[in-house]
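S.K.: Give me the fold of what follows.
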Amino acid sequence: MNATYNDDPVMSLFSNRGERKYLNKEERKRFYKSRKMIKDLHERTFVELLFWTGCRISEALNLILMRVNVEDSCVVFQTLKQHGKKKGTTFRIVHVPRKFMKRLNKVHGIIRTRKDALADHTKRLWRFGRQKGWRLVKGIMTKASIFGIRATPKGLRHTFGVHCILCGIPETRLQDWMGHANLRTTSIYVTVAQREDREFARKTWIL
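M.R.: Next up, the predicted model:
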């Protein structure tokens with residue numbers, strides 16, 4: 001894993017060479033289509049969770065059965081990334097498409113396990129580590145012909161942020177969904193989304 005792909009303390013969606021750290025619209029579509037290269041549905045749902053929630057890879061790996069709400073089609077993440085002197089555990093809710101939640105429930109047997117009083121409801125959905133999770137994402141990126149600094153789990157997280165702003169999600173709501181401690185971090189997606197929004201630019205092309 002290349003250390004240069006990790007987040008900087010000062011958030012930026014471009015490398016020092018001007019390379020995008022997020023997927024554009026077409027790359028995002030190619031990535032989602034290419035996820036089917038993963039035949040193991042247990043592993044595929046891991047990548048889909050990253051895609052649909054923009055969560056950190058560590059948060060996905062620490063997701064447990066009792067924090068998946070099938071009926072309301074949402075998941076509860078424990079926010080693991082803390083800044084400053086303030087410590088403690090925080091949680092956030094992120095909604096996902098019902099079609100994905102049905103698949104998540106079917107593959108991992110969430111409702112079935114929840115009905116079993118003897119089952120371990122604190123069991124993690126995925127038992128592998130960060131390195132394998134990173135490789136799964138990287139494999140799909142390669143299949144989708146996406147390379148460079150954005151072809152990583154962090155690239156998916158940035159993609160989620162940009163996509164949400166383009167869809168009109170308010171900054172404060174996106175801050176909650178992504179678990180940002182500071183709204184200034186979320187605001188970087190607004191700046192990039194404005195650059196990506198060709199509809200605004202098209203108005204300036206009329207002679």
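
S.K.: List the residues that contact the residue most central in space within the chain.
M.R.: Note on the chain: the residue nearest the mean C-alpha position is Gly54, at 1.9 Å, using C-alpha atoms, centre = their mean. Contacts for Gly54 (C-beta atoms under 8 Å, 6 or more residues apart in numbering) come out as Val94, Leu156, Arg157, Thr159, Phe160, Gly161, Cys164, Trp177, Met178. Just so you know, the C-beta spots here come from the backbone N, C-alpha and C atoms, and that holds for glycine as well.

S.K.: among these, which are in strands?
M.R.: With DSSP state E as the criterion, strands contain Val94 from among those.

S.K.: now, among the contacts of Gly54, which is nearest to Phe46?
M.R.: Nearest to Phe46 among these is Leu156, at 11.4 Å by C-beta to C-beta.

S.K.: Excluding covalently adjacent residues, which one is nearest to the residue nearest to the centre of the chain?
M.R.: Beyond its immediate neighbours in the sequence, the residue positioned closest to Gly54 (C-beta to C-beta, 6 or more residues apart in numbering) is Phe160, lying 2.8 Å away.

S.K.: quick one, what contacts that neighbour?
M.R.: Phe160 neighbours (C-beta under 8 Å, 6+ apart): Phe51, Trp52, Thr53, Gly54, Met178.

S.K.: And Ile111, by the same measure?
M.R.: Per C-beta under 8 Å, 6+ apart, neighbours of Ile111: Val70, Asn105.

S.K.: if we go to 10 Å?
M.R.: Leu65, Val68, Val70, Glu71, Asn105 (C-beta atoms under 10 Å, 6 or more residues apart in numbering).

S.K.: Identify the bridge partners of the second one.
M.R.: The bridge-partner assignment for Val68, based on DSSP bridges, gives Val75.

S.K.: counting contacts, what elements does the host helix or strand of Ser34 pack onto?
M.R.: Counting by DSSP states H and E, the element that carries Ser34 is helix 25-34. The contact analysis (3 or more C-beta pairs under 10 Å, 6 or more residues apart in numbering; DSSP states H and E) places helix 25-34 against helix 41-53, helix 130-143, helix 153-166.
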